[in-house]
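*Asks:* 3D model of this:
(chains A, B, C and D)
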There are 2 protein chains.
Amino acid sequence: MVQAPAQIHTRADEAFDCLQTAIVMGDLAPGEKIGEVELCSRFNLTRGPLREALGRLESRGLLVRRPHAGVKVVSVSAEELLELYRIREVMEGLAARQAAERMTDEEIRDLKATLDSHEKMIEEAQGQAYYQAEGDYDFHHRIATGSRNTKLAQMLLGDLYYMVRMYRYRLSTSAGRPHMALGEHRRIVEAIAQRDGELAEFLMKRHINAARQNIEQKIQQGVLTI
Amino acid sequence: MVQAPAQIHTRADEAFDCLQTAIVMGDLAPGEKIGEVELCSRFNLTRGPLREALGRLESRGLLVRRPHAGVKVVSVSAEELLELYRIREVMEGLAARQAAERMTDEEIRDLKATLDSHEKMIEEAQGQAYYQAEGDYDFHHRIATGSRNTKLAQMLLGDLYYMVRMYRYRLSTSAGRPHMALGEHRRIVEAIAQRDGELAEFLMKRHINAARQNIEQKIQQGVLTI
DNA sequence: TTACCTCATTTTGTTGACAATCCGGCTTGT
DNA sequence: ACAAGCCGGATTGTCAACAAAATGAGGTAA
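*Replies:* Here you go, the predicted model:
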């Protein structure tokens, strides 16, 4: 569910995926100055493909690289996570609006079905943050692709979501408000089904804004380690 | 003004910059299936660094690469340019709002001075699209960095602006409304100077929306070749 | 004549070795 | 004793050769 492998042919792609998940899942500590040869032995590849993957990761801002000094995983802070949510708010708002205008009826049906399955998962696995998170990503993923805006979907799915996941793993932040989020999701889908782009945008922005405020609250309570 | 070289040390960075500008300026035709060795001889590099640069370019969506089949510059369409403007609208709106909240007084002074110099340039070089475009990029560049939102600035400056420039070179689209744009810029800066984030966001969104409608109009008039 | 299959060439993907550069510890002078 | 300069080790950046895969041409069969 996390990602469709989709025929990983070249070693560089493989390296890229491995590294990306390793960074996102926190297997590579932030600020850790890690050598190329060590990475090679760790993932069973050679330096050529690895180097290419490193370039891509750097281009996406998941790691920084000083010439002749090695690579290190990007450092994170809670403030940056909040900034990320500010970006999500406007971009996913746009995605929701365009999705309302462009999604096919079938896609909307699938979206509704997805929400139903999420509801069941939440009821069954009460408090299992994993399913919540995955369901949440699934929902937002569908909206992004449904916008039919190639670059927008690319930026959301290719950059922002990985970034958000990384921050949340690092800061050990779970969504923490499953029922409320599900209700908001339902309302967004309703707006999309009624082809009300403006409303869908408004609801999506409010939804993400609420999530951001939830994180902000946790920070103020000192729950989050910066 | 286009970009600060900032000590291009490694060959891969050099290759990346060369390729990027070549793609943006249209020296490499869209859909052109170009070989690696040809690129090497053209830019005096070897395949190692080139390959790394190619990966970065692909990651940014400036070219597509099928395994064992070669790379080709991404094809463009006028519709995609409009979609890009839709993204710019919401993202730069956010940038303007945050810039109004966070820019220093000195930065705002510089921004005003920049506009003054733009006005002079427009008056002197009447209709010289080059200065217009450069001035426009300079303005938006300052707003993006002034937002103090690292990821937002990175996405705007690193991805979107290059993309927009590429499309506009390809479609031979010039801004075409210098005085009006300058007035809109002035109003945005005023709002920022008054620390009115909401207004700055609104004005910026309207500004980019107007630019998009301008392009849309040209398309309908058949001026733009798709 | 057309469609399909085979094969050779070209191009990409990968590998290992070479050279340039930086970091840490040591020596040396004040 | 402390600071500055220097040297060795290690790591990164770069290069050229090898192997695998796909495209295109050519031939043969229906």
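
*Asks:* okay, CA-based contacts and neighbour counts for the rest of this
*Replies:* Will do.

*Asks:* Send over the helix or strand encompassing A:Lys205 as CSV, restricted to the C-alpha atoms.
*Replies:* A:Lys205 is located in helix A:197-220, with elements delineated by DSSP states H and E. Only the C-alpha atoms of helix A:197-220 are listed here, as CSV (Å, rounded to 0.1, in the frame of the first residue of the first chain):
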residue,chain,number,x,y,z
GLY,A,197,-15.1,22.8,-5.9
GLU,A,198,-15.2,25.9,-3.7
LEU,A,199,-16.6,24.0,-0.8
ALA,A,200,-14.2,21.1,-1.2
GLU,A,201,-11.3,23.5,-1.2
PHE,A,202,-12.5,25.2,1.9
LEU,A,203,-13.1,21.9,3.8
MET,A,204,-9.8,20.5,2.8
LYS,A,205,-8.0,23.6,3.9
ARG,A,206,-9.8,23.5,7.2
HIS,A,207,-9.1,19.8,7.6
ILE,A,208,-5.4,20.2,7.2
ASN,A,209,-5.4,23.3,9.3
ALA,A,210,-7.0,21.4,12.1
ALA,A,211,-4.3,18.7,11.8
ARG,A,212,-1.7,21.4,12.0
GLN,A,213,-3.2,22.9,15.1
ASN,A,214,-3.4,19.5,16.6
ILE,A,215,0.4,19.1,16.2
GLU,A,216,0.9,22.7,17.4
GLN,A,217,-1.0,21.8,20.6
LYS,A,218,1.2,18.8,21.2
ILE,A,219,4.3,20.9,20.8
GLN,A,220,3.0,23.4,23.4
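
*Asks:* List the buried residues for it?
*Replies:* Within helix A:197-220, the residues scored as buried using 16 or more other C-alpha atoms under 10 Å in any protein chain shown are A:197-205, A:207-212, A:215-216.

*Asks:* what does it contact?
*Replies:* The contact list for helix A:197-220 (C-alpha atoms under 8 Å, 6 or more residues apart in numbering or on different chains) reads A:78, A:82, A:85-86, A:88-90, A:92-101, A:173, A:175, A:181, A:184-185, A:187-189, A:191-192, A:224-225.

*Asks:* I'd like to know which of those residues are buried.
*Replies:* The neighbour-count test (16+ other C-alpha under 10 Å) applied to the contacts of helix A:197-220 identifies A:78, A:82, A:85-86, A:88-90, A:92-101, A:173, A:175, A:181, A:184-185, A:187-189, A:191-192, A:224 as buried.

*Asks:* What about the contacts of helix A:197-220, which are in helices?
*Replies:* Here DSSP state H is the test, and those give A:78, A:82, A:85-86, A:88-90, A:92-101, A:181, A:184-185, A:187-189, A:191-192 as lying in helices.

*Asks:* number of nearby residues for A:Thr21?
*Replies:* 17 (other C-alpha atoms under 10 Å in any protein chain shown).

*Asks:* in a strand, that's where it is, yeah?
*Replies:* No - secondary structure assignment places A:Thr21 outside any strand; it is helix (DSSP: H, G, I helix; E, B strand; the rest coil).

*Asks:* That one: what's it in contact with?
*Replies:* With C-alpha under 8 Å, 6+ apart, A:Thr21 has no contacts at all.

*Asks:* pLDDT value on the one residue in chain A that gets nearest to DNA strand C, please?
*Replies:* When distances are taken as C-alpha to the nearest atom of the strand, chain A reaches nearest to DNA strand C at A:Arg11, 3.1 Å away. Model confidence at A:Arg11, given as pLDDT, is 88.

*Asks:* what does the one 5 residues further on give?
*Replies:* As summarised for this prediction, A:Phe16 has a pLDDT of 92.

*Asks:* what's the neighbour count on it?
*Replies:* 20.

*Asks:* In contact with it, which residues are there?
*Replies:* A:50, A:53-54, A:56-57.

*Asks:* Quick check: A:Arg11 touching A:Arg51?
*Replies:* No - between A:Arg11 and A:Arg51 there is no contact under C-alpha atoms under 8 Å: 11.0 Å.

*Asks:* Who has more neighbours out of these two?
*Replies:* When neighbours are counted by other C-alpha under 10 Å, A:Arg51 comes out ahead of the other of A:Arg11 and A:Arg51, with 21 against 16.

*Asks:* so how far is B:Met91 from the residue nearest to A:Gln98 when sequence neighbours are not counted?
*Replies:* On the basis of C-alpha to C-alpha, 6 or more residues apart in numbering or on different chains, the spatially nearest residue to A:Gln98 that is not a chain neighbour turns out to be A:Ser147, at 4.7 Å. Applying C-alpha to C-alpha, to the nearest Å, the value for A:Ser147 to B:Met91 is 16 Å.

*Asks:* Give me the more crowded residue out of those two.
*Replies:* The residue with more neighbours, out of A:Ser147 and B:Met91, is B:Met91; 27 against 21, by other C-alpha under 10 Å.

*Asks:* In terms of pLDDT, where does the most far-flung residue of chain A relative to its centre sit?
*Replies:* Here chain A has its C-alpha centre computed as a mean, and the residue farthest from that point, by C-alpha atoms, centre = their mean, is A:His68 with 31.5 Å. Here, the pLDDT recorded for A:His68 equals 84.

*Asks:* you'd agree it is in a strand?
*Replies:* No - under three-state DSSP, A:His68 sits outside any strand and is assigned coil.

*Asks:* From B:Gln221, how far out is the residue nearest to A:Gln98?
*Replies:* When distances are taken as C-alpha to C-alpha, A:Ser147 and B:Gln221 turn out to be 27 Å apart.

*Asks:* same deal with A:Arg206?
*Replies:* Taking C-alpha to C-alpha as the criterion, A:Arg206 is separated from B:Gln221 by 39 Å.

*Asks:* Work out for me the element the most centrally placed residue in chain A sits within.
*Replies:* What sits nearest the mean C-alpha location of chain A, by C-alpha atoms, centre = their mean, is A:Tyr161, with 2.0 Å. Secondary-structure element containing A:Tyr161, defined by DSSP H and E: helix A:161-170.

*Asks:* quick one: buried residues of that helix?
*Replies:* Under the neighbour-count criterion of 16+ other C-alpha under 10 Å, helix A:161-170 has A:161-168, A:170 buried.

*Asks:* Around DNA strand C, pick out the residues from chain A.
*Replies:* A:9-12, A:45-49, A:67-69 (C-alpha under 7 Å from any atom of the strand).

*Asks:* PyMOL command to pick out the buried ones of those?
*Replies:* Buried residues within those, as defined by 16+ other C-alpha under 10 Å, are selected in PyMOL through the command that follows:
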select buried, chain A and resi 11+12+45+46+47+48+49
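
*Asks:* Low-confidence ranges, chain A, go.
*Replies:* The model of chain A has pLDDT under 70 over residues A:1-8, A:125-132, A:174-176, A:223-226.

*Asks:* and the nearest residue to A:Tyr162 once chain neighbours are set aside, what is it in contact with?
*Replies:* Counting by C-alpha to C-alpha, 6+ apart, the nearest residue to A:Tyr162 once its immediate chain neighbours are dropped is A:Val24, at 6.8 Å. With contact set as C-alpha under 8 Å, 6+ apart, A:Val24 has these partners: A:162-163, A:165-167, A:169.
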